[in-house]
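> Please find the sequence and the predicted model below.
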Amino acid sequence: MSYIVPEALHTSAPVPAPEPKLTEEQRQAILAAVEANWEKQVALTQELVAIPSLRNEEGAVQERLAAAFAERGLEVDSWHMNPDELAAHPGAGSTDRDYEQALVVVGTHTPSVPEADQGPSLILNGHIDVVPVGAPEQWERDPFEPAIVDGWLHGRGSGDMKAGLVGLLSAYDAIRAAGMEPAGRIHIESVPEEESTGHGTLATILRGYLADAVLIGEPTDGAIERAQIGLMWVKIRLTGKAAHASIMKEGFNAIDAAYAMIGDLRKLEDEWNIKAKENPLYAPIAHPINFNVGTIRGGDWPSSVPDWCEMVVRTAVPVGMDVADGWEEIQERVHRAVLENPGLEGATATVERVGYFSNPHEVPEGSAQEALLDEMVQYATGDRPKKAALTGYMDARLFGEYHDIPTLVYGPEVEGLHAPAEKVNLASVLECTKTTALFIAEWCGVVPKAE
Ligand SMILES: [Zn+2]
């Protein structure tokens, strides 16, 4: 999913981290509070993994999050997304969902000091939706059974990204358990729809939630995001000509046509990979741009030549290319394939956007936010954090592209992303929680906890 960027590719010298706001004793008290709360943190993560939150089924788990926010005295705002309002934004994707179960939940911490004395504000963001489990027979146990084996928490959504989301909340808890509270406004966001459009986070922005810094707890194996590819979900529908299978040659098989179309798309994928590698962050990655035929269906009857086939292709967009230009190019390529590829002679094709429509994004280097996170990672772990060029999607682009907030993406180590046997390394979760707690406290500043 990610590629670790070599030190030599950091274009600017690291800026010094801001002056420390906390004493050594305060920092140590926060670290100790993270440790003391660890069992509760793991238990809440397990509880959330056990509540399936597939697309448009996020309601139940979001209710649980809203309760968890309320228990902590956070001001809870939860609402259903409005598809029409979202559609007007240039960063919106396409969807045919009614969002009946897709609840967005934000918990807000307002410091107990006058506004003039408050520190910088912060958004802590994580997504609650999980991807489908795939072939059930490939799972050793129930995908929603949150078992812990050899220090890894298993289950769909364990790593992507319920452990990260609970980590953000637990980092906030630790500051308060240590007798302090953040001196800046904090919004803790649990969003749906990250795995399909990015609409959950977009909905928070449209509702007015912005801040001086954003930290997203996606699993990056302790690395900090430098860049991410753009993304489109493209549905291609091919039609052929039906006939009885006994006289197959009189018809034209739309499923065979899909094979031919995929061949043409692979050529475009090669071209975009060459383009992607012009960016030095992506040059060392073997295949940064991936066109994935994620779903395909077609035909109605084994003894009839199928006259339709539909596939949805996940297409990455190189850094430096506008997603709107990529969309034009895809459409042009599909229509040209119908005219020129002999394997598609007699077929018709329509192309439609059905999910993500996201620009690629490069995080600007040298921000105060990143300098502070770098330093806190070093303080908590002893090592400088790695930096990563991502070949997958992150909601960071919404804050970065439209609001110029240098958004940090940083989280634990995961195996089996979008695959069977998804699991998250609990030691890495603990480490990230410590770093995040220190980052929150140093970014916002702290004041004694209000009674
Ligand atoms: Zn994720």
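Perfect, I can see it now. In this text, all values refer to a predicted model and were calculated from it rather than measured experimentally.

> what's the neighbour count on the residue lying closest to A283 once chain neighbours are set aside?
The shortest distance from A283 to any residue other than its chain neighbours is 4.8 Å, reached at K277 (C-beta to C-beta, 6 or more residues apart in numbering). For the C-beta atoms, the positions are set from N, CA and C on the backbone; glycine is no exception. Neighbourhood size, K277 [other C-beta atoms under 10 Å]: 18.

> Thought P288 was touching K277, still the case?
Yes - contact criterion C-beta atoms under 8 Å: K277 and P288 qualify, at 7.0 Å.

> Who are the contact partners of L206?
E85, L86, H89 (C-beta atoms under 8 Å, 6 or more residues apart in numbering).

> From these, which land in helices?
E85, L86 (DSSP state H).

> What subset of the contacts of L206 is buried?
L86 (16 or more other C-beta atoms under 10 Å).

> so which of the contacts of L206 comes closest to the ion?
Using C-beta to the ion, the shortest approach to the ion within these belongs to L86, at 19.2 Å.

> Tell me the confidence at that closest one?
On the pLDDT scale, L86 is placed at 94.

> is it true that it touches G200?
No - with contact defined as C-beta under 8 Å, L86 does not count as touching G200 (9.8 Å).

> Contact partners for A258?
Counted by C-beta under 8 Å, 6+ apart, A258 has contacts I236, L238, I296, G298, C309, M311.

> I meant L281, not that one.
Y3, V5, L9, R226, A227, V319, E362, A389.

> One more pass at 7 Å, please.
V5, L9, R226, A227, A389 (C-beta atoms under 7 Å, 6 or more residues apart in numbering).

> What's the separation between it and the ion?
L281 is 20 Å from the ion, where distance means C-beta to the ion, to the nearest Å.

> Could you confirm Y379 falls within a helix?
Yes - checked against DSSP: H, G, I helix; E, B strand; the rest coil, Y379 lies within a helix.

> ok, how many other residues are close to it?
So Y379, with other C-beta under 10 Å, has 17 neighbours.

> surely it meets L438?
Yes - shown here, Y379 and L438 form a contact pair, counting by C-beta atoms under 7 Å, at 6.3 Å.

> Could you pull out the buried residues of stretch 127-140?
For stretch 127-140, burial by neighbour count (16+ other C-beta under 10 Å) applies to H127, I128, D129, V130, V131, V133, W139.

> Tell me the pLDDT of the closest residue to A254 other than its chain neighbours.
Nearest residue to A254, sequence neighbours excluded (C-beta to C-beta, 6+ apart): G240, at 3.5 Å. The model reports G240 with a pLDDT of 96.

> on that earlier part again, now render the contacts of L281 as TSV, adding neighbour count, secondary structure and pLDDT.
Listed next are the contacts of L281 as TSV, based on neighbours: other C-beta atoms under 10 Å; DSSP: H, G, I helix; E, B strand; the rest coil; pLDDT from 0 to 100:
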residue	neighbour count	secondary structure	pLDDT
V5	22	strand	78
L9	14	helix	70
R226	26	strand	95
A227	24	strand	96
A389	26	strand	95
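
> Identify the farthest-apart pair in the residues you listed.
L9 and A227 (10.4 Å; C-beta to C-beta).

> hang on, the earlier thing: reformat the contacts of L206 as JSON lines; add distance to G366.
As requested, the contacts of L206 are arranged in JSON lines below (distance: C-beta to C-beta, whole Å):
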{"residue": "E85", "distance to G366": "35"}
{"residue": "L86", "distance to G366": "32"}
{"residue": "H89", "distance to G366": "28"}
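
> on that earlier part again, which entries within the contacts of A258 meet the buried criterion?
I236, L238, G298, C309, M311.

> and those residues, which of them are in strands?
I236, L238, G298, C309, M311 (DSSP state E).
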